[in-house]
Each structure stands twice: as structure tokens, then as C-alpha cells.
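K.L.:
mind looking at a prediction? Sequence and model below.
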Amino acid sequence: MKMKKCDNGHLFNSEKFEECPYCSETAPVAKKSKEKSRPERAVRQKENNDMRTQAIWSDEGTEDYVVGWLTCIEGPDKGNDYQIKSEKNFIGRSEEMHIQIQGDSAISRRNHAIISYNPKERNFILIPGEGRGIIYKSTEAIYTPTELNGYDVIEMGKSKFIFVPLCGDYFEWENVGENI
């Protein structure tokens with residue numbers, strides 16, 4: 001899945017949508033740093049029938065690594081796990097959601113909740129979504145952004161999930177290859 005961020009900060013699957021499904025903004029052109037990005041290059045080949053072939057290489061999509069997981073421990077999707085990527089992850093039943101939970105009809109179709117990973121502060125935040133349903137962290141109703149800790153239990157709809165972080169104080173993808 002290739003994720004893009006629109007000008008309003010929404011993440012969406014650019015393989016499915018040309019523009020943001022939340023606000024209809026197009027994704028800005030990715031900024032490339034001099035060190036990390038490989039120069040974009042194009043190869044054009046003129047064939048006998050005047051059709052042109054164009055190949056473009058870029059490093060887009062290399063920063064979309066998993067940073068944690070949600071695993072359903074109770075409810076219709078018990079045993080399923082869901083990857084959490086860096087920055088905002090929208091949760092709902094719709095295919096448009098980053099974390100799509102299909103089996104629980106009590107979970108809102110769109111934006112029931114958001115889990116955000118902030119790579120600068122190395123923390124996970126649980127944010128109530130725009131849906132009607134309430135989310136709980138370890139039986140406490142959540143109405144404002146709340147920090148998540150490893151193995152917190154999140155309840156939404158008729159399901160319970162356990163949160164398992166990968167990134168944080170002990171691991172970051174940017175440090176791979178160094179002494180971890």
C-alpha cells in the first residue's frame with residue numbers, strides 16, 4: 001500500500017485514490033532530501049511506431065514501515081492483526097481506512113478512531129474519531145487524544161484490541177544498521 005498525505009494532513013492509499021477521499025485535496029509532490037533521495041530519472045525510448053516508453057525511478061514509499069500493531073483479542077475479528085504505520089492511521093470498516101476492521105458492524109465505517117505515531121517524540125497517541133461510537137482505553141472512555149503504552153487494551157464497537165508497539169525508545173527504523 002502506497003500512502004500519501006494531502007495538504008490537510010490526511011493519509012490515504014494513493015494506489016486506490018488519485019485525490020484525498022476525506023477532503024478531495026491532491027497529494028503534494030513529495031519533497032526529496034539531498035541525502036536520502038535517489039535522483040529521479042526518466043528513460044524514454046522511441047519505438048518504430050512512435051510510441052514512447054517512459055520509466056521513472058523514485059524512492060517514494062520507502063518510509064512507510066510498520067511501527068506497531070493492533071491485534072483483535074475479542075470480537076468478530078478475534079485473532080486478526082492490523083499494522084500501524086508512522087503518523088496518522090484512520091480506523092473504521094471502510095476500505096478507505098488505513099486500519100480496516102470489517103467484521104464488527106458497531107465500528108463506524110469511517111474514522112471511528114485514529115492511532116498516530118509521532119517519530120520525533122517516539123510516542124503513540126489514540127485519538128477519538130468523528131464516528132458516533134466511543135472508544136475505551138483499558139475501560140476508560142477516551143474523549144481527547146491520549147498516549148498509548150505497550151499492551152494497552154483498546155475497545156471499540158464490540159471488539160477489543162491489544163496495542164503492541166515496535167518503534168519507540170528501543171527501536172526506530174532510521175537507526176537500523178547502527179548499534180541498536
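P.N.:
That came in fine, so what should we check first?
K.L.:
just the C-alphas of stretch 3-11, formatted as CSV.
P.N.:
Extracted in CSV, the C-alpha atoms of stretch 3-11 (Å, rounded to 0.1, in the frame of the first residue of the first chain):
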residue,chain,number,x,y,z
MET,A,3,0.4,6.1,1.3
LYS,A,4,0.2,9.8,0.5
LYS,A,5,-0.6,12.8,2.7
CYS,A,6,-2.8,15.6,1.4
ASP,A,7,-2.3,19.3,2.2
ASN,A,8,-4.7,18.9,5.1
GLY,A,9,-2.7,16.1,6.7
HIS,A,10,-4.9,13.1,5.8
LEU,A,11,-3.2,9.9,4.8
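K.L.:
that one: which residues count as buried?
P.N.:
3-6, 10-11 (16 or more other C-beta atoms under 10 Å). Using the backbone N, CA and C atoms, a C-beta is placed for each residue, glycine as well.
K.L.:
same thing with stretch 86-99?
P.N.:
For stretch 86-99, burial by neighbour count (16+ other C-beta under 10 Å) applies to 86-94, 96-99.
K.L.:
got CSV for those, with distance to Lys120, secondary structure and pLDDT too?
P.N.:
Converted to CSV, these look like this (distance: C-beta to C-beta, whole Å; DSSP: H, G, I helix; E, B strand; the rest coil; pLDDT from 0 to 100):
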residue, distance to Lys120, secondary structure, pLDDT
Ser86, 10, coil, 92
Glu87, 11, strand, 92
Lys88, 14, strand, 94
Asn89, 17, strand, 95
Phe90, 21, strand, 96
Ile91, 22, strand, 96
Gly92, 26, strand, 95
Arg93, 31, coil, 94
Ser94, 29, coil, 94
Glu96, 27, coil, 93
Met97, 25, coil, 94
His98, 20, coil, 95
Ile99, 22, strand, 95
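K.L.:
most widely separated two among those residues?
P.N.:
The span of the buried residues of stretch 86-99, defined through C-beta to C-beta, is set by Ser86 and Arg93 at 23.0 Å.
K.L.:
strands - which of the buried residues of stretch 3-11 land there?
P.N.:
Using DSSP state E, 3-5, 11 are the members of these that sit in strands.
K.L.:
quick one: the buried residues of stretch 3-11 as TSV, columns for distance to Gly75 too.
P.N.:
Formatted as TSV, those follow (distance: C-beta to C-beta, whole Å):
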residue	distance to Gly75
Met3	26
Lys4	30
Lys5	30
Cys6	31
His10	27
Leu11	25
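K.L.:
show me the shaky parts of this protein.
P.N.:
For the chain, the stretches with pLDDT under 70 are 1, 25-62, 179-180.
K.L.:
and the biggest strand by length in it, which strands flank it?
P.N.:
Using DSSP E, we find that the single longest strand of the chain is strand 66-74. Note on strand 66-74: by DSSP bridges, its sheet partners are strand 81-85 (antiparallel), strand 159-165 (antiparallel).
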